[in-house]
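[1] sequence plus predicted model, see below.
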Amino acid sequence: MLKKQFLFVFLAFIFSIKSVFSQCAMCKAVVENGDASLAEGINNGITYLMVFPYILVGILLFTIYRYNKKAKN
């Protein structure tokens, strides 16, 4: 039951993601007078770099979960 709930919440988060502007103040100042494609590229790059810490923490938690499950058996 817990796996189904986790899967539901995970899928709900994935499909409810909206496009956001992820520029810091300095990045915004640089591209404010530039073209839209430059600003979109910077937004995508920042978002891309922001994802990796979450992936690493997820892998760590999954490894701990597997280790604890194996230790119980």
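    Ah, there it is. For clarity, every value in this text was computed on a predicted model and none was experimentally measured.

[2] by contact count, what packs against the helix or strand hosting Phe52?
    Of the helices and strands defined by DSSP states H and E, Phe52 is found in helix 36-72. In terms of contacts (3 or more C-beta pairs under 8 Å, 6 or more residues apart in numbering; DSSP states H and E), helix 36-72 is packed against helix 25-31. Placement of C-beta: from N, CA and C, glycine included.

[3] if we can go back for a sec, go through the helix holding Phe52 and flag the buried ones.
    Buried residues in helix 36-72, counting neighbours by 16 or more other C-beta atoms under 10 Å, are found at 39, 42-43.

[4] pLDDT check: weakest of those residues?
    pLDDT is lowest at Ala39 among these; the value there is 75.

[5] identify the residue spatially nearest to that one, adjacent ones excluded.
    Distances taken as C-beta to C-beta, 6 or more residues apart in numbering place Val31 nearest to Ala39, at 4.3 Å, with adjacent residues excluded.

[6] give me the number of residues near that neighbour?
    By other C-beta atoms under 10 Å, the residues close to Val31 number 17.

[7] wait, it sits on Leu38?
    Yes - proximity of Val31 to Leu38 meets the contact threshold set by C-beta atoms under 8 Å, at 5.3 Å.

[8] returning to what we had before: mind putting the buried residues of helix 36-72 into JSON lines with distance to Phe62?
    Listed next are those as JSON lines, based on distance: C-beta to C-beta, whole Å:
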{"residue": "Ala39", "distance to Phe62": "35"}
{"residue": "Ile42", "distance to Phe62": "31"}
{"residue": "Asn43", "distance to Phe62": "29"}
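
[9] wait, which of those is closest to Ile17?
    Asn43 (13.7 Å; C-beta to C-beta).
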